[in-house]
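Visitor: I need the structure of the sequence given here:
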Amino acid sequence: MRALVVFYSRTGNTKGVAELIAQELRSDLEELVDKAGRKGFLGYLKAGRDAIRKKSTELESLRHWVGDYDMIFVGTPVWASQPAPAVRTFLESQDLSGKKVALFCTMAAQGEESTFAAMKALLGGAEVAGLLAIAMKKEEGRVVEKVSQWVAQWKGHS
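Guide: Here you go, the predicted structure:
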């Protein structure tokens, strides 16, 4: 199984989880780069506003082509109980039909249900292979263990 881990991260939390997944599976890693400025406090406000409005954004070109992979892992921070606009844009722009897709998110405390529902609605004909939500503050010391347990189901297939 060829796997690709695709993620967007504004503060580094989702990036850390994505890197752990990619390391465990020895898979390729694709960071989504949002052309909109989302750094600092104003970026934080803009990010939340755009997520609430379910807006897409413009992304830098991808380095990997999803058609080359059997399984795609897609990760996002939870913003106002929604996926980041960069992840929304990625899911809207890719044909993932026939692929297995595992979704993961990082958050302060909650919002994973509506985030996953929004992501699933954008998947088209893809099969949802798994879900992983990590509340960063609550599970701070358990992130590596939780990721390792989650990806174990795919390790023998990569």
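Visitor: show me where the chain has helices.
Guide: Counting by DSSP state H, residue ranges of the helices within the chain are 13-25, 40-52, 85-93, 112-121, 143-155.
Visitor: Indicate which one of those helices is closest to Arg2.
Guide: Distance to Arg2, taken as CB to CB, is lowest for helix 13-25 among the helices of the chain, at 9.9 Å. (C-beta placed from N, C-alpha, C; glycine too.)
Visitor: Enumerate residues external to that closest one that contact any of its residues.
Guide: By CB atoms under 8 Å, 6 or more residues apart in numbering, the surrounding residues in contact with helix 13-25 are 3, 5-9, 27-29, 31, 73, 75-77, 104-106, 132, 134, 136, 143-144, 147-148, 150-151, 154-155, 158.
Visitor: Return a selection command, for use in ChimeraX, containing the buried ones of those residues.
Guide: A single ChimeraX command selects the buried members of the contacts of helix 13-25 (16 or more other CB atoms under 10 Å):
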select :3,5,6,7,8,9,27,29,31,73,75,76,77,104,105,106,132,134,136,143,147,150,151,154
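Visitor: and the contacts of helix 13-25, which of them are in strands?
Guide: Secondary structure assignment (DSSP state E) places 3, 5-7, 28-29, 31, 73, 75-77, 104-106, 132, 134 from these within strands.
Visitor: if we can go back for a sec, name the stretch among the helices of the chain that sits most buried.
Guide: helix 85-93 (a mean of 23; mean count of other CB atoms under 10 Å).
Visitor: Alpha carbons only: can I get that one in PDB?
Guide: Taking C-alpha atoms only, helix 85-93 is exported to PDB below (Å, rounded to 0.1, in the frame of the first residue of the first chain):
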ATOM      1  CA  PRO A  85      -9.800  26.300   4.400                       C
ATOM      2  CA  ALA A  86      -6.600  24.700   3.000                       C
ATOM      3  CA  VAL A  87      -7.900  21.200   3.700                       C
ATOM      4  CA  ARG A  88     -11.400  22.100   2.400                       C
ATOM      5  CA  THR A  89      -9.700  23.300  -0.900                       C
ATOM      6  CA  PHE A  90      -7.600  20.200  -1.100                       C
ATOM      7  CA  LEU A  91     -10.600  17.900  -0.600                       C
ATOM      8  CA  GLU A  92     -12.700  19.900  -3.100                       C
ATOM      9  CA  SER A  93     -10.000  19.800  -5.800                       C
END
